[in-house]
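*Asks:* I would like to see how this sequence folds:
(2 chains)
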2 protein chains.
Amino acid sequence: MANLHPYCIINGSLQPRSTAAIGLDDMALNRGYGVFDFFKVMQGMPMHLDAHLQRLFHSAKHMHLQIDEDVERWKSLIQQLLIANHVQDAGVKILVTAGYAANGYSIASPNIIITTQPLTAKKEEDYTKGISVITHEYQREMPDVKSINYTRGIWLLPQIAAAGASDVLYYANDLLSESPRSNVFVVTTAGVLLTPEHNMLKGITRQQVLSIASQHVSVACTDVTITDLRNAAEVFITSTTKGILPVTTIDGMPVGNGLPGKITLQLMQSLEKHEKHLLKLQIA
Amino acid sequence: MANLHPYCIINGSLQPRSTAAIGLDDMALNRGYGVFDFFKVMQGMPMHLDAHLQRLFHSAKHMHLQIDEDVERWKSLIQQLLIANHVQDAGVKILVTAGYAANGYSIASPNIIITTQPLTAKKEEDYTKGISVITHEYQREMPDVKSINYTRGIWLLPQIAAAGASDVLYYANDLLSESPRSNVFVVTTAGVLLTPEHNMLKGITRQQVLSIASQHVSVACTDVTITDLRNAAEVFITSTTKGILPVTTIDGMPVGNGLPGKITLQLMQSLEKHEKHLLKLQIA
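*Replies:* Got it, this is the predicted structure:
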């Protein structure tokens, strides 16, 4: 990765990735206190950058982290890194920590770390056959903030693997919320597309799907119960890296006929077309 | 701090503290995934080191972090650092992160960071007048694990300051649990010492207090309700750095007569004597 993406930006300054590091007093390292955002770059173009920056500003503000909100300055910083790393297709991560706190327990001037990384290759089979997930009762703290606290999701990895699954859906009080790094959509047997509206992070890909879905299907952002999930005709999850990923097994039981559903496949095609279109507009 | 404590130990190797750093792919930095423990050194002697190491091993194990459990090896490593830093009285922190995960979302070989630091001087007034706290409804995740997730406690700092307070007590379902970095004790008007037994971290100082308290007072480790707290004659919190610290104002209301109580003062004296005794035994 170091060879492919030789530089990063720490607190505004371009640095070699191979030697870049954070001091031991950082508050993310010691107290898990920080927020981040992550976006895709395609053909050198950052995708939905404004939406990601706005969400980062929201996350930082909610967590009392004071960061610059000058969008143009952010864009030029990111551009500097994309050029330095000769980035065509990649992911960009912006991490904002509570900085170096002298007393080890307060919010200091943030450390801001921008890195680029190869996009993980999509496993073809996951998209043609769908993935298997488990469910787990859990409510993320401050769910509309993209905090760095992934303790539960990572802690569950052995349990997910033991179930032969590859991800987990969270629910609480009988309501579905999200997956640790994705949003979730359910297609009912009546052909209505449902997605939770509360107690989850509002994904940028989720927003894209909502914007294109009404061409194909009735859509409702609403409470989605565990029963809705169990009775679903189709289920899929969405994220920046995954796009739309069909879920065909939940807690060992098939969703619908156990194959990616018709509406899911339509939306996958439609989202791809939509992203290509947006990219074309941006390049033009 | 760098001058006073010039060295740290990272993954077993002694390094200058001033240049020590952690790479950008560390899982505590990026995902808030890690555990730690912290103990006091007095006159060059680590206090309750076995208890702290056992708790660290428990925390790591629960979080799927594989670390060496050879106590003698840990002690010799810590001794190496104490000698290098000429430590007489200090705090020692052992941080265990989920390491450098190639995919950014898994548990890798832990990074283990051992640092020493000056003990923060106790504010005399806090002990003679007692401190003011607020209450906040919250249940820590994995409460018997000393994880690095202090998001809520740190996020509350502005709210605590705005209330003119200096700490917060957590409760959930009407039951008192703990303070972000301390345990809590309540003395009832009938003169019984209560402390929560569930849904909190079992502090080493809490254990010391329990071991000496029965000389002075009836003791019960049990459910402590918010009503018990509101009606308390005396309240105090305990931690490695704070020892026993009286709480004399809760949510703006005085506890008892608003001054540190008789039993609290007795226990403060008794704990100090107990620690001096233990230290003498260790040195002998």
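*Asks:* let me know whether stretch A:99-110 sits next to chain B.
*Replies:* Yes - under the criterion of Cβ under 8 Å from any Cβ of the partner chain, chain B is reached by stretch A:99-110 at A:N103, A:G104, A:Y105, A:S106, A:I107. No exception for glycine: its C-beta is placed from N, CA and C like everyone else's.
*Asks:* which residue ranges of the stretch 51-200 of chain A form helices?
*Replies:* Residue ranges of the helices in the stretch 51-200 of chain A, as given by DSSP state H, counting those that start in this stretch, are A:71-84, A:124-129, A:151-155, A:157-162.
*Asks:* possible to save those helices as CSV with mean neighbour count, mean pLDDT and distance to B:M268?
*Replies:* Putting those into CSV (neighbours: other Cβ atoms under 10 Å in any protein chain shown; pLDDT from 0 to 100; distance: least, Cβ to Cβ, whole Å) gives the following:
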stretch, mean neighbour count, mean pLDDT, distance to B:M268
helix A:71-84, 15, 98, 52
helix A:124-129, 13, 97, 60
helix A:151-155, 20, 98, 35
helix A:157-162, 13, 98, 44
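*Asks:* put together TSV for these, with distance to chain B on each row.
*Replies:* Shown next, in TSV, are the helices of the stretch 51-200 of chain A (distance: least, Cβ to the nearest Cβ, whole Å):
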stretch	distance to chain B
helix A:71-84	13
helix A:124-129	15
helix A:151-155	5
helix A:157-162	6
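*Asks:* near chain B, which residues of the stretch 151-284 of chain A? Just list them.
*Replies:* By Cβ under 8 Å from any Cβ, the residues of the stretch 151-284 of chain A that approach chain B are A:T151, A:R152, A:G153, A:I154, A:W155, A:L157, A:P158, A:R181.
*Asks:* repeat that for 6 Å
*Replies:* Counting by Cβ under 6 Å from any Cβ of the partner chain, the positions of the stretch 151-284 of chain A adjacent to chain B are A:T151, A:I154.
*Asks:* in TSV: the helices of the stretch 51-200 of chain A, plus distance to B:L56.
*Replies:* Putting the helices of the stretch 51-200 of chain A into TSV (distance: least, Cβ to Cβ, whole Å) gives the following:
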stretch	distance to B:L56
helix A:71-84	38
helix A:124-129	38
helix A:151-155	17
helix A:157-162	20
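*Asks:* of all those helices, which one comes closest to B:N231?
*Replies:* helix A:151-155 (35.5 Å; Cβ to Cβ).
*Asks:* list the buried residues of the lengthiest helix in chain A.
*Replies:* Using DSSP state H to assign secondary structure, the helix with the most residues in chain A is helix A:262-283. Across helix A:262-283, burial judged by 16 or more other Cβ atoms under 10 Å in any protein chain shown covers A:I263, A:T264, A:L265, A:Q266, A:L267, A:M268, A:S270, A:L271, A:H274, A:E275.
*Asks:* can I get the CA coordinates of that helix in PDB?
*Replies:* The C-alpha trace of helix A:262-283 is given here as PDB (Å, rounded to 0.1, in the frame of the first residue of the first chain):
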ATOM      1  CA  LYS A 262     -35.300  -8.500  -8.900                       C
ATOM      2  CA  ILE A 263     -35.600  -5.100  -7.400                       C
ATOM      3  CA  THR A 264     -32.100  -5.400  -5.800                       C
ATOM      4  CA  LEU A 265     -30.600  -6.300  -9.200                       C
ATOM      5  CA  GLN A 266     -32.500  -3.400 -10.900                       C
ATOM      6  CA  LEU A 267     -31.200  -1.000  -8.300                       C
ATOM      7  CA  MET A 268     -27.700  -2.300  -8.600                       C
ATOM      8  CA  GLN A 269     -27.800  -1.600 -12.400                       C
ATOM      9  CA  SER A 270     -29.500   1.700 -11.900                       C
ATOM     10  CA  LEU A 271     -27.000   2.900  -9.200                       C
ATOM     11  CA  GLU A 272     -24.100   2.000 -11.400                       C
ATOM     12  CA  LYS A 273     -25.600   3.900 -14.300                       C
ATOM     13  CA  HIS A 274     -26.300   6.900 -12.000                       C
ATOM     14  CA  GLU A 275     -22.700   7.000 -10.700                       C
ATOM     15  CA  LYS A 276     -21.300   6.800 -14.200                       C
ATOM     16  CA  HIS A 277     -23.600   9.600 -15.200                       C
ATOM     17  CA  LEU A 278     -22.500  11.800 -12.300                       C
ATOM     18  CA  LEU A 279     -18.900  11.000 -13.000                       C
ATOM     19  CA  LYS A 280     -19.400  12.100 -16.700                       C
ATOM     20  CA  LEU A 281     -21.000  15.300 -15.600                       C
ATOM     21  CA  GLN A 282     -18.100  16.000 -13.200                       C
ATOM     22  CA  ILE A 283     -15.400  15.300 -15.800                       C
END
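*Asks:* show me what that helix is packed against.
*Replies:* Other elements packing on helix A:262-283 under the criterion 3 or more Cβ pairs under 6 Å, 6 or more residues apart in numbering or on different chains; DSSP states H and E are strand A:234-239, strand A:243-250.
*Asks:* tell me how many other residues crowd the residue nearest to A:Q15 when sequence neighbours are not counted.
*Replies:* Nearest non-adjacent residue to A:Q15, counting by Cβ to Cβ, 6 or more residues apart in numbering or on different chains: A:C8, 5.9 Å away. Using other Cβ atoms under 10 Å in any protein chain shown as the criterion, A:C8 is surrounded by 23 other residues.
*Asks:* domain ranges for chain A?
*Replies:* Residue ranges for the structural domains of chain A, counted by automatic domain parsing, are given in the record as A:7-117, A:124-278.
*Asks:* still on that earlier bit, part of a strand, is the residue nearest to A:Q15?
*Replies:* Yes - secondary structure of A:C8 (DSSP: H, G, I helix; E, B strand; the rest coil): part of a strand.
*Asks:* distance of it relative to A:T115?
*Replies:* 5 Å (Cβ to Cβ, to the nearest Å).
*Asks:* coming back round to it: out of the domains of chain A, which is closest to B:Q215?
*Replies:* Taking Cβ to Cβ, domain A:7-117 is the member of the domains of chain A nearest to B:Q215, at 33.2 Å.
*Asks:* gap between that closest one and the chain center?
*Replies:* Using Cα atoms, centre = their mean, to the nearest Å, the mean C-alpha position of domain A:7-117 is found 15 Å from that of the whole chain.
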